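S.K.: Here's my sequence, what's the structure:
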Amino acid sequence: MRDIINETAFENHIRKDILNDIISENQSYKLFNFKKAVDVLIAKNGANPELYFLEIKYHKKSHGRLGFGHGKGGGFQPELLKDRTDYFEKNLRWILGNEDSENYWFVDNSTLRNYLNGDSVGEKYNGIKLKFFNDVAPLSKPELIRKIKQWLY
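M.R.: I've put the predicted structure just below:
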């Protein structure tokens, strides 16, 4: 992606250029800045309140790999991928970007598990196989916005 230099910049782009517009369309939703457990937390108010979670990953060739969790194998991301808790299977999605593409990848945990290095969550240095970007269909920005809206609403 042009003008995206790292994962933090990609997350800021997702928040500012995509999520803010989606959330501002519906007053029932709140986008939080708090980032202890997940990259993005969205709360839905009303008769059926919900929490939605987004994990954001960005691949740069210079990094060589696309890791998740901390280097010792722990963290929230590896734990939720191992555990398969129903709530997170339904209410958590991943948005991935790649410096070589202007597109986005929006996937659930099940899809992501098919592309884990070593085919599982390991003891340390967990990562996503780079063939993910060839195998999984990318989305344009308007398609990503439509998919996020379908998931949230």
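
S.K.: Tell me who's in contact with the residue positioned nearest the centre of the chain.
M.R.: Centroid check for the chain by Cα atoms, centre = their mean gives Trp94 as the closest residue, at 2.3 Å. Trp94 is in contact with 54-57, 105-109, 112, counting by Cβ atoms under 8 Å, 6 or more residues apart in numbering. Using the backbone N, CA and C atoms, a C-beta is placed for each residue, glycine as well.

S.K.: try 10 Å this time
M.R.: For Trp94, the contact set (Cβ atoms under 10 Å, 6 or more residues apart in numbering) comprises 39, 53-57, 68, 77, 81, 105-109, 111-112, 128.

S.K.: again with Ile128
M.R.: Taking Cβ under 10 Å, 6+ apart, we find Ile128 in contact with 57, 59, 65-68, 94, 96, 112-117.

S.K.: From Ile14, how far off is the residue of the chain positioned farthest from its centre?
M.R.: Within the chain, the residue lying farthest from the chain centre (Cα atoms, centre = their mean) is Ala47, at 26.6 Å. The gap separating Ala47 from Ile14 is 28 Å, by Cβ to Cβ, to the nearest Å.

S.K.: Buried residues, stretch 75-93. List them.
M.R.: Under the neighbour-count criterion of 16 or more other Cβ atoms under 10 Å, stretch 75-93 has 76-78, 80-81, 88, 91-93 buried.

S.K.: next one: stretch 20-30
M.R.: Neighbour counts over stretch 20-30 (16+ other Cβ under 10 Å) mark 22-23, 29 as buried.
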